[in-house]
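>>> Next comes the sequence, and after it the predicted model I'd like to discuss.
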Amino acid sequence: MDQLKRQAAARALEEVRDGMQLGLGTGSTAKHFVELLGERVAAGLKVIGVPTSEATRADAERCGVKLTTLDEVDHLDITVDGADEIDPELNLIKGGGGALLREKIVAAASDRMIVIADDSKWVPTLGKFPLPVEVIPFGLGATRRAIEKAFADCGVSGQMAVRKAKDGHVFVTDGGHWIVDAQLGRIADPASLAKALSAIPGVVEHGLFIGLASSAVLAGGEGIRVIERRKP
């Protein structure tokens with residue numbers, strides 16, 4: 001599986017050109033991309049990156065990739081990031097690693113978002129992977145009730161749980177927020193659910209990435225396939 005992730009990362013790296021400003025994703029697949037990018041930088045490639053998490057910042061610094069922020073550059077050429085699920089419209093569930101807020105800010109600031117994954121992440125319908133919803137701890141009871149209503153209005157339901165870290169304490173994001181994971185099973189209309197969740201006070205962001213990915217690079221036993229998002 002790790003080898004497949006690295007193959008997908010290597011294919012995405014072929015899109016990178018000298019002088020580009022890049023969004024650097026978070027997670028095991030994106031880590032491969034940062035490591036391979038570091039090798040290219042050591043060989044003379046000139047790029048600058050915006051990391052989507054403190055973990056990616058540390059990886060990029062270790063690999064010698066020069067970093068910047070979205071306060072210092074006005075746009076990014078490409079963001080390369082992984083995903084927990086990818087559907088045929090290239091809508092995504094992300095946030096399994098807890099970096100969804102920064103990942104979405106960086107993806108939205110990019111001309112293109114390339115999603116890299118092994119082909120187990122390709123699904124006919126989103127929802128089997130628990131949907132992360134990043135929330136403010138204050139007023140969590142009210143926020144959860146509003147999330148449940150949004151689910152009901154969009155025809156989905158399922159168990160919700162506040163994410164715990166490995167040490168058993170509540171998982172805290174880089175932004176100081178909590179994450180509620182929702183086991184929805186199947187999301188028939190991801191765009192409507194995304195809109196409903198975004199309207200809730202107390203919800204900072206959610207893991208539905210609608211219309212952000214421009215292409216997906218999937219590595220499997222048959223090799224690499226690249227899927228481009230169909231233009232509306």
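Yep, that arrived. Everything numeric here is computed off the predicted structure, so don't read it as measured data.
>>> next SSE after the longest strand out of those in the chain?
Counting residues, the longest strand found in the chain (DSSP state E) is strand 110-118. Remark: after strand 110-118, the chain's next helix or strand is strand 131-135, criterion DSSP states H and E.
>>> Neighbouring strands of the helix or strand hosting V204 in the sheet, and parallel or not?
V204 is part of strand 203-206, with elements assigned from DSSP H and E. Paired with strand 203-206 in the same sheet, following DSSP bridges, are strand 131-135 (antiparallel).
>>> contacting residues around the strand it pairs with?
Under the contact criterion C-beta atoms under 8 Å, 6 or more residues apart in numbering, strand 131-135 has outside partners 93-96, 98, 100-101, 143, 147, 163, 173, 175, 177-182, 184, 187, 197, 202-208. C-beta coordinates here come from the backbone N, C-alpha and C atoms, glycine included.
>>> Restricted to strands, list those residues.
Using DSSP E, the subset of the contacts of strand 131-135 located in strands is 93, 178-182, 203-206, 208.
>>> For the residue nearest to the spatial centre of the chain, give its distance to A30.
Centroid-nearest residue in the chain, with C-alpha atoms, centre = their mean: K94, separated by 4.2 Å. Counting by C-beta to C-beta, to the nearest Å, the gap between K94 and A30 amounts to 11 Å.
>>> do the same with E15
14 Å.
>>> More neighbours: the two, which one.
Counted by other C-beta atoms under 10 Å, E15 and A30 do not tie: A30 has more neighbours, with 32 against 16.
>>> From the contact counts, what lies against whatever helix or strand R11 lives in?
R11 belongs to helix 2-13 when assigned by DSSP H and E. On a contact count with 3 or more C-beta pairs under 8 Å, 6 or more residues apart in numbering; DSSP states H and E, helix 2-13 meets helix 28-42, strand 76-81, strand 110-118, strand 215-220, strand 223-228.
>>> Which strands or helices does the third one pack on?
In other words, strand 110-118. Counting contacts by 3+ C-beta pairs under 8 Å, 6+ apart, strand 110-118 is packed against helix 2-13, helix 28-42, strand 76-81, strand 215-220.
>>> Over to the last one?
In this structure, strand 223-228 makes packing contacts with helix 2-13, strand 215-220, judged by 3+ C-beta pairs under 8 Å, 6+ apart.
>>> how about the ones you listed, which one is nearest G19?
The minimum distance between G19 and these falls on helix 2-13, with 15.2 Å, by C-beta to C-beta.
>>> Any chance of CSV for the helices and strands packed on strand 223-228, columns mean neighbour count?
Output for those, formatted as CSV (neighbours: other C-beta atoms under 10 Å):
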stretch, mean neighbour count
helix 2-13, 20
strand 215-220, 21
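>>> now for these, which one comes closest to D71?
Closest among the helices and strands packed on strand 223-228, using C-beta to C-beta: helix 2-13, at 25.7 Å.
>>> Give me the domain ranges for the chain.
Domains of the chain are assigned by automatic domain parsing as 2-123+210-228, 131-205.
>>> Kindly compare burial across those and name the winner.
The highest average neighbour count among those, using mean count of other C-beta atoms under 10 Å, belongs to domain 2-123+210-228 at a mean of 20.
>>> can you give me how far the strand holding V204 is from the chain middle?
13 Å (C-alpha atoms, centre = their mean, to the nearest Å).
>>> Would you mind pulling the contact partners of it?
95, 100-101, 104, 131-136, 143, 146-147, 175, 177, 194, 197-198.
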